[in-house]
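Novice: Provided below are the primary sequence and the corresponding predicted coordinates.
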Amino acid sequence: MTDKKNSNFKIIVTLVILVVLGIAFVCLLTFFKFELFVYCFLGYMVFTAILMVCLSNVKNKIVKTTLEILYFPLSVLYILLKLILPTMTLLLNAFILLMLAFGLPFIFLNSIECAFAVGLTKSTMGFLSITFGTIISVFCSKYLLSLILRISPPLNSEKTETKYLRELVTLFYQKNNVIFFIYFCYFIFLLIMSFMKIQFAQPLFLQNTDLAILQSFLVFIAFTNMIMKSKDVLLAPKSILTVYLKIIFSGIEDKDKKI
């Protein structure tokens, strides 16, 4: 009898909670506000957790069906979180890459300006930071990737998917992919900046800021082209040194012959 009473009590509690959730949902639909949505969702999670504890041993079919219905949004949320986990990991590591490649040069330049007051403007520091940041992120990509794999929290957990997340990050942050992404960002910037200038005769950010980004793009293009062309240039240091030595010692040999 006691078990039956406990079962009936749990069923009543379930119905009461369902009524409360229903009223909250109606209020949410009637007076929609973001804060209200957050509070209702948190309340839903708390009530669901309570139900999981209170009704875990109840074998009533109605209760089980009700619990399955209540768990369904959480199941969908869990699946969505699993789906966006790789994207969130890539974004987090992109932020780390930005801080290492762009943030450190900016902090260094700011420190120099504060310590020695050399007269660097914000636009100049922005130009140098973006220029060095793009060059570092491309031509030091192997070292940055190694550092990211070491310090990024999602890539150093003991979960099963960590191995695949590390593989995804390694594939994504290859040198050619980083170059493509940088060119893509510059392309979007130039497209929007040109539209603003032609249509409204206004800069996208500030005139000096737009100029700093544009000039950094020109330097990046020149540097990448120089690196690419350097592979075709036959500048072997050993061969050049040998020729230099021949020129120097050939002059000495001529003097010896005259003597």
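Specialist: Received it, and whenever you're ready, just let me know what you need.

Novice: Now do the domain split for this structure, please.
Specialist: Here the domain parsing of the chain from automatic domain parsing is 2-59, 90-226.

Novice: a markdown table for those, including mean neighbour count, distance to residue 243 and mean pLDDT?
Specialist: For the C-beta atoms, the positions are set from N, CA and C on the backbone; glycine is no exception. Putting the domains of the chain into a markdown table (neighbours: other CB atoms under 10 Å; distance: least, CB to CB, whole Å; pLDDT from 0 to 100) gives the following:
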| stretch | mean neighbour count | distance to residue 243 | mean pLDDT |
| --- | --- | --- | --- |
| domain 2-59 | 13 | 74 | 62 |
| domain 90-226 | 15 | 24 | 90 |
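
Novice: Make TSV from those and add distance to residue 239 to it.
Specialist: Below are these laid out as TSV (distance: least, CB to CB, whole Å):
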stretch	distance to residue 239
domain 2-59	69
domain 90-226	21
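
Novice: of the ones you listed, which approaches residue 246 most closely?
Specialist: The closest of the domains of the chain to residue 246 is domain 90-226. By CB to CB, the value is 29.1 Å.

Novice: And that closest one, end to end?
Specialist: Domain 90-226 has its terminal residues 30 Å apart, counting by CA to CA, to the nearest Å.

Novice: Spell out the residue ranges of the helices in the stretch 51-200 of the chain.
Specialist: 61-98, 104-116, 122-139, 141-151, 162-172, 175-200 (DSSP state H, counting those that start in this stretch).

Novice: Looking at the ones you listed, spot the one closest to residue 221.
Specialist: Per CB to CB, nearest to residue 221 of the helices of the stretch 51-200 of the chain: helix 175-200, 8.8 Å.

Novice: Which elements pack onto the following helix or strand past the closest one?
Specialist: Sequence-wise, the next helix or strand downstream of helix 175-200 (DSSP states H and E) is helix 207-230. Using 3 or more CB pairs under 8 Å, 6 or more residues apart in numbering; DSSP states H and E, the elements in contact with helix 207-230 are helix 122-139, helix 175-200.

Novice: What about residue 204? Give its phi and psi, please.
Specialist: Main-chain torsions, residue 204, degrees, to the nearest 10: phi -70, psi -50.

Novice: ok, now how distant is it from residue 188?
Specialist: According to CB to CB, to the nearest Å, residue 204 stands 11 Å off from residue 188.

Novice: hang on, the earlier thing: go through the domains of the chain and name the closest to residue 75.
Specialist: Of all the domains of the chain, domain 2-59 comes closest under CB to CB, at 11.1 Å.

Novice: Adding distance to residue 88, write the helices and strands packed on helix 207-230 out as CSV.
Specialist: Formatted as CSV, the helices and strands packed on helix 207-230 follow (distance: least, CB to CB, whole Å):
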stretch, distance to residue 88
helix 122-139, 20
helix 175-200, 17
